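Participant: any chance you can model this:
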Amino acid sequence: FNHHMFVVEQEEYVKEGIDWVMVDFGMDLAAAIIMFEKPMGIWAILEEESLFPKATDKSFEEKLKASLGKLPVFLKPASKTDKNAHFGVSHYAGVVNYNVTSWLEKNKDPVNETVVELFKSTSTCQLLKHLWRDHPGQPTTAPKDDGKKKKKGGGGKTVSSVYLVSLSELMTTLYSCEPHFVRCLVPNTHKKPGDVEPPLIMHQLTCNGVLEGIRICMRGFPNRMPYPDFKMRYACLGQAEIASSSDNKVASYALMDKINFDRERYRLGHTLVFFRAGSLAGLEEARDGLVIKWVRFIQGEVFKRVRTRVYEKKRDQRELIKVAQRNFRKFLGMRDWGWFIIIQKTRGMIGLPNPEEELRLLEEKANATFGKYQEALDVTKNLEGQMGSLKDDIGAMTKQLSEEQGNVSVYTDRQAKAITIKGEAEVELVQQQKVLASEENSRTELAAEVKAHSGSISAVKKDIEDVELAILKVEQEKGNRDHTIKTLQDEVGEQDEVINKLNKEKKHLSSTQAKSSEDLAAAEEKVAHLMSVKSQLESTLDQLEGGLDKEKKSRANLEKAKRKVEGDLKMAQDAVADLERAKREVEGVIANKEKNNQLLSAKLDDEQSLVAKAQKNIKELQGRVEGAEEELEAERQARAQAERQRSDLAREIDQLGERLDEAGGATVAQVELNKKRESEIVKLRKDVEETNISSESVLSNMKRKQGDAV
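Facilitator: Next up is the predicted model:
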């Protein structure tokens, strides 16, 4: 903790290049650590005493005092909580007192390694094995000697040795990472819930180094922020200043100078901006002021637009009310006027068509429509007749198509077959055309020879008709084959188009599905991010509200403590003033007594020189002795009063000391003032003691002189 708070923190300041003078906080702790860990330190003596069977807590205490009693950090016990403490250790934060009762007995009670090995090797409980998995244990079988001499076994392990090994491992782990610290405090010494002892808590905070950590935090820069985060968060305070320079320091200085932010409250490092305690709150307040201003501006614009719509609607309603009122007034003024009544009654007839003309047009339209309807009925009958034949053809073709739709290869085969048939038909057509041409030639020849061969005309005509019939039949077969080939090609094309369309739809659906999945994943990530941001903001808001409440409570407690300390200070000042007045009175009494003592000594010298005269004047001397006895009695009363005053002063001094101890951690100024008061109190004690001594010496002199005089 000390290394992290007092060394690493300052090394980071130096690494960032800010103006900082290294301060050695708590370096005198090293003396206490050396006293514990040196060869003849507390740990070594504890280990040594634990090995001796006859060692006791008393012998351990005496050995500690004999070996370490001359060290400046090894002190006598002075504990208010433990009256049986045996010694104390002083370090930078305060004095810690220790009670060594049962130390040796507790140190000799480590975990037995043989028992641990039995737990690990023979236990059927997996939890027990898991708890002791890191313990080395001890082998249950003894190793072989191999002819070598067996070495003497060392002493058993102690709790302190195990603790030191664990402590060294812990320190190695802490130095290799970035730890966070949690300080646990004991609220009271008698384990009572809800009871708090402020002196005990203050003592723990002092001894744990928390107050020293607060001191360095107050002197240093506990808050820090990287330049990108600083620019992004506070650019709203001065966008032009942030963009004025590419150098982070120049831009940051320009921004801070614009908002009149004192340079003593922050420092600019190479990569970080450092802030003193409480300084970052000033920047946050300035930023919050701007944000609140902009939010209010946006709210005002939104409210303006919303209310403008309402205003425009109300305004239109008002204008429409005026129009309705104006028309109603006109109606009230003209409702008894004759022409207005006529207009109102004939208004429904204005623009109406002639019924007779309309009826004639409707009749003509009905006749024309009926003629068309009759024609449509005739056409429908004809079409129905054709539809029957077509349905038969469609059924036959459907049956044929269903028989031929089994496989595409059938279509291709049929198409190839049809093409071959078409070719054969074309060849036959060409042949028949040739035949026709030859027949035409022969016909012409026969026509020329008709006259000559009139008897054979009928035979020739019959042959010609047969040839023409054959030609028509071939052409009809050719048309049928062409139609069949065309229908097959159309079906193949339609199937290809359907397949292409399905492929396109499949690609489109896959791309749409991929895009939808991407959009869904992005939306889910965005929702998760927004939910995490919302939870972080809510937790931050709760923490800020809790911190605000704690800050208010702590401020109220500080104000109460401040008023209490001020009242105690005023009472202490009054008590000190009373003590000073009493001191002056005592000094006056002492001066008077000294004068009286001088007079008495002079009188005593005169009486010694006039012994003879004194014997004659015994009565006079006896009277003087009685007066001296009265003065002695008064002096005794004065001495008793001084003793009472001294006891009262001692009680008041103790009370002031306790009050000063309670308010000792308030401020440095109060500590210095308390030191001055303590010095003054010590001086007063010395003066009172000197006064008592002088008064006692005067009384003894007076008694001696009185005895001599008698």
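Participant: which one's the longest helix in the protein?
Facilitator: Determined from DSSP state H, the single longest helix within the chain is helix 457-609.
Participant: that one - contacts with which helices or strands?
Facilitator: Counting contacts by 3 or more C-beta pairs under 8 Å, 6 or more residues apart in numbering; DSSP states H and E, helix 457-609 is packed against helix 408-448, helix 618-662, helix 668-709. Bear in mind the C-beta positions are built from the backbone N, C-alpha and C, glycine included.
Participant: can you list those in JSON lines and add mean neighbour count and distance to Glu197?
Facilitator: Conversion of those to JSON lines gives the following (neighbours: other C-beta atoms under 10 Å; distance: least, C-beta to C-beta, whole Å):
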{"stretch": "helix 408-448", "mean neighbour count": "13", "distance to Glu197": "100"}
{"stretch": "helix 618-662", "mean neighbour count": "14", "distance to Glu197": "11"}
{"stretch": "helix 668-709", "mean neighbour count": "14", "distance to Glu197": "21"}
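Participant: and Leu446, what's its pLDDT?
Facilitator: Note for Leu446: predicted pLDDT of 62.
Participant: one more: Ile292?
Facilitator: 94.
Participant: am I right that it is in a helix?
Facilitator: Yes: counting by DSSP: H, G, I helix; E, B strand; the rest coil, Ile292 is found in a helix.
Participant: and for it, the neighbour number?
Facilitator: By the criterion of other C-beta atoms under 10 Å, Ile292 has 10 neighbours.
Participant: that one and Glu284, how far apart?
Facilitator: Distance, Ile292 to Glu284, using C-beta to C-beta, to the nearest Å: 12 Å.
Participant: also Glu375?
Facilitator: For Glu375 relative to Glu284 (C-beta to C-beta), the value is 92 Å.
Participant: cool, and Lys619?
Facilitator: In terms of C-beta to C-beta, Lys619 sits 97 Å off from Glu284.
Participant: what does Pro355 give?
Facilitator: As defined by C-beta to C-beta, Pro355 lies at a distance of 88 Å from Glu284.
Participant: between the two, tell me which one has more neighbours.
Facilitator: Glu284 (12 against 8).
Participant: check contacts around that one.
Facilitator: For Glu284, the contact set (C-beta atoms under 8 Å, 6 or more residues apart in numbering) is empty.
Participant: repeat that for the one 3 residues further on.
Facilitator: Counting by C-beta under 8 Å, 6+ apart, Arg287 makes contact with Arg233, Tyr234, Cys236, Leu237.
Participant: which strand or helix spans it?
Facilitator: helix 279-334 (DSSP states H and E).
Participant: now do that helix: distance to the chain's middle.
Facilitator: 40 Å (C-alpha atoms, centre = their mean, to the nearest Å).
Participant: do the same with stretch 120-139
Facilitator: 40 Å.
Participant: CA-only coordinates of it in CSV, if you can.
Facilitator: Taking C-alpha atoms only, stretch 120-139 is exported to CSV below (Å, rounded to 0.1, in the frame of the first residue of the first chain):
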residue,chain,number,x,y,z
LYS,A,120,-5.3,-35.7,0.0
SER,A,121,-4.5,-39.3,-0.6
THR,A,122,-7.2,-41.3,1.3
SER,A,123,-10.2,-39.0,1.6
THR,A,124,-13.3,-39.7,-0.7
CYS,A,125,-14.6,-36.1,-0.3
GLN,A,126,-13.7,-34.1,-3.4
LEU,A,127,-14.2,-30.8,-1.5
LEU,A,128,-11.6,-31.8,1.1
LYS,A,129,-9.1,-32.6,-1.6
HIS,A,130,-9.9,-29.3,-3.4
LEU,A,131,-9.3,-27.3,-0.2
TRP,A,132,-5.8,-28.8,0.3
ARG,A,133,-4.8,-29.0,-3.3
ASP,A,134,-2.0,-26.4,-3.0
HIS,A,135,-0.5,-27.8,0.2
PRO,A,136,2.7,-29.8,-0.4
GLY,A,137,1.8,-32.4,2.3
GLN,A,138,4.2,-35.2,3.3
PRO,A,139,4.8,-38.6,1.7
